[in-house]
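**Student:** Sequence first, predicted model second:
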Amino acid sequence: MSKCCCDAVGGHVLVTPRLHPTTRPSSVYLPWEKLRSKTRPKTTVAVATGNSRGSFTWALKQTGGGLVLPRKESNEEKVRSKKRVFFLDVNPLCYNGSTPSLHSFGHWVSLFFEQVSLSDPVIAVIDGERCNEYRQQLLPSYKAHRRKFSKQVPSQRFSSISAGRSHQIVGDVLRKCNVPVLKVEGCEADDVVATLVGQVLQRGYRVVIASPDKDFKQLISEEVQIVMPMPEFGRWSFYTLKHYIAQYNCDPCSDLSLRCIMGDEVDGVPGIQHMAPGFGWKTALKLLKKHGSLENLLNAAAVRTVGRQYAQDALTKYADFLRRNYEILSLRRDIDVQLEEEWLFDRDGQNDSVVLSNFFKRLGDTQKLPYQNASHSLDG
């Protein structure tokens, strides 16, 4: 019989059988490799693995002997173990297509609380008054065609309420659901979110931005995800770094530069293809993969040939145009707003059902809440 000894190494339990010493007959010769294979004891290791919710699973592993070190945690596992903080981009949710709609807001927020954010902290951000002035001074066509939500509220129940109170109605619903609501005068919500994302990451959290706005793709990383409303499927869907690379075949750090070259028709920002028709997506992507960023590309084009003649001519002739696009489309990260500690607390969602049901009643909607027809939850 052999006895066992137990040791704790690196937080794991090692159970090693202790063998009685034996005398090897002098007439028998065993090579060293055979001696090792016959005498090396097997080691049973209890390994703990955790998930983002703080639960742990123990699994037994056996090795061929020797000291067993804890399995090194992958970078992806380290990121997923961090607590999530959600940013809710409110303005886009208040539209059904291009039509302002409080019902759309209620629908997507209901699904968001029930299936996506759960009890994780949520910070809601709304566009401030005169938020587009800075960029419209650079480019008058910037978002010039958009109809402001605060100018039109289509619900009959709210027809007697002044248009200026539309954001107040939305904000009241969110606050009753224990969500802080931020609105910085003269600033777009995108810039406020970009500024606060950096502060949240410095605190050791990971970030999920709830928005259909493609501007946020320039923030995507291993620690920053996007979750988008998908009207065609009636649910939210996570969009991660892996999704971005699969879609564009480039790193997100080039996303902003790519959009500056190609423009953004939705926001009224023209691309270089309007002046140089041959300069398309493939050309822009190829050049950015080689040079890394728009500024690097423009600097290189100023002193040497970087591509075919039409591309070279366009980059040198329209360099100021492209730099203006960069200033317009890049998210600012210097907004005067500071992260509050209480915004990072778990959200109490006990009032969600009552608050949102009352909201829909005021809209004259007798239908069930959207999530009452879908019980599953999403995790990114």
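**Tutor:** Arrived safely, thanks for sending.

**Student:** Quick one: neighbours of residue 254, just the number.
**Tutor:** Residue crowding around residue 254 was assessed by other CB atoms under 10 Å; the count is 20. Glycine gets a C-beta too; all of them are placed from N, C-alpha and C.

**Student:** in a helix, that's where residue 119 is, yeah?
**Tutor:** No. Residue state for residue 119 (DSSP: H, G, I helix; E, B strand; the rest coil) corresponds to coil; a helix is not indicated.

**Student:** The chain should start at 48 in everything you say after this.
**Tutor:** With the count now opening at 48, the last piece we talked about shows up as residue 166.

**Student:** Need the pLDDT of the most centrally placed residue in the chain.
**Tutor:** Centroid-nearest residue in the chain: residue 272, 1.5 Å away (criterion: CA atoms, centre = their mean). Turning to residue 272, the model gives it a pLDDT of 97.

**Student:** ok, it to residue 397 distance?
**Tutor:** Summarising the geometry, the distance separating residue 272 from residue 397, computed by CB to CB, to the nearest Å, is 26 Å.

**Student:** do the same with residue 300
**Tutor:** With CB to CB as the criterion, residue 300 and residue 397 are 41 Å apart.

**Student:** what helices or strands is the longest helix seen in the chain leaning on?
**Tutor:** Longest among the helix segments of the chain by residue count, using DSSP state H, is helix 236-249. The elements that helix 236-249 packs onto, with contact taken as 3 or more CB pairs under 8 Å, 6 or more residues apart in numbering; DSSP states H and E, are strand 131-136, strand 169-173, strand 253-257.

**Student:** would you list those in JSON lines and tack on distance to residue 188?
**Tutor:** Conversion of these to JSON lines gives the following (distance: least, CB to CB, whole Å):
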{"stretch": "strand 131-136", "distance to residue 188": "22"}
{"stretch": "strand 169-173", "distance to residue 188": "24"}
{"stretch": "strand 253-257", "distance to residue 188": "26"}
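
**Student:** I'd like those strands as TSV, with mean pLDDT, distance to residue 306 and mean neighbour count appended.
**Tutor:** Compiled in TSV, the helices and strands packed on helix 236-249 are given as follows (pLDDT from 0 to 100; distance: least, CB to CB, whole Å; neighbours: other CB atoms under 10 Å):
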stretch	mean pLDDT	distance to residue 306	mean neighbour count
strand 131-136	98	18	23
strand 169-173	97	21	25
strand 253-257	98	17	24
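
**Student:** of these, which approaches residue 159 most closely?
**Tutor:** Among these, strand 253-257 comes nearest to residue 159, with 6.0 Å by CB to CB.
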